[in-house]
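> Structure, please.
(one chain, ligands or ions: 1)
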Amino acid sequence: MIRHLRMKLSFVTLIFISSIVFGADEINISKAFIKLPRPGVDVTAGFATIKTSTDLKVINVSNKNFKNIEVHSMKMTYGVMEMRKLIEPKLGPNSPLVLSPGNNHLMLFGIKEKLKSGENLDLTFVFKDDEDNKIVKEFKFIVK
Ligand SMILES: [Cu+2]
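You can find the predicted model right below:
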């Protein structure tokens, strides 16, 4: 009886995992880089273009070398650059998430270990689709 239940559970787990993998395949990233911060500065920005074939929201971005990572908007207001935290930014088939210098970007706060030019960092993105399924994907960012 218990063994039967376990088999059932692992079968359910398998379906769950395969749906995550399927979703993850439809997301791809290009031009991913993190700006090498000036010496003594413990905050920097990251950029990338993320394309997807389904409607998604970004609900979290993380990497163990940073205290906190946020998606920011940036615009000029009365001659002053203004940055705002974007709450669960959306992306879809016709609207990739474009993070580029001078525009929307990743803000990486609280750098723990000093970044080196040319090194790769894996940032973990957690997305949510229209049915509230979570999709976790790691993207490589080069420091430059
Ligand atoms: Cu910012």
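> got the residue ranges for the strands in this structure?
Shown for the chain, the strands assigned by DSSP state E span residues 27-34, 43-52, 56-62, 66-77, 80-85, 90-91, 97-99, 105-111, 120-129, 134-143.
> And the pLDDT for the residue most central in space within the chain?
The residue lying closest to the centre of the chain (C-alpha atoms, centre = their mean) is residue 125, at 3.3 Å. Confidence at residue 125, expressed as pLDDT, is 98.
> got the contact list for it?
50, 58, 60-61, 136-139 (C-beta atoms under 8 Å, 6 or more residues apart in numbering). The way it works is simple: take the backbone N, C-alpha and C, and place the C-beta from them, glycine included.
> still on that earlier bit, in CSV, list the strands of the chain along with distance to the ion.
Formatted as CSV, the strands of the chain follow (distance: least, C-beta to the ion, whole Å):
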stretch, distance to the ion
strand 27-34, 13
strand 43-52, 6
strand 56-62, 13
strand 66-77, 3
strand 80-85, 4
strand 90-91, 18
strand 97-99, 10
strand 105-111, 4
strand 120-129, 15
strand 134-143, 16
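> Bridged to the residue nearest to the centre of the chain, which residues?
Beta-bridge partners recorded for residue 125 (DSSP bridges): residue 61, residue 137.
> pLDDT, neighbour count and distance to residue 91 added to the contacts of residue 125, as a markdown table?
Below are the contacts of residue 125 laid out as a markdown table (pLDDT from 0 to 100; neighbours: other C-beta atoms under 10 Å; distance: C-beta to C-beta, whole Å):
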| residue | pLDDT | neighbour count | distance to residue 91 |
| --- | --- | --- | --- |
| 50 | 97 | 22 | 6 |
| 58 | 98 | 19 | 7 |
| 60 | 98 | 15 | 14 |
| 61 | 98 | 19 | 13 |
| 136 | 95 | 12 | 16 |
| 137 | 95 | 18 | 12 |
| 138 | 96 | 12 | 17 |
| 139 | 97 | 18 | 13 |
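> count of neighbours near residue 128?
Other residues within reach of residue 128, judged by other C-beta atoms under 10 Å, total 16.
> Thanks again, I'm all set now.
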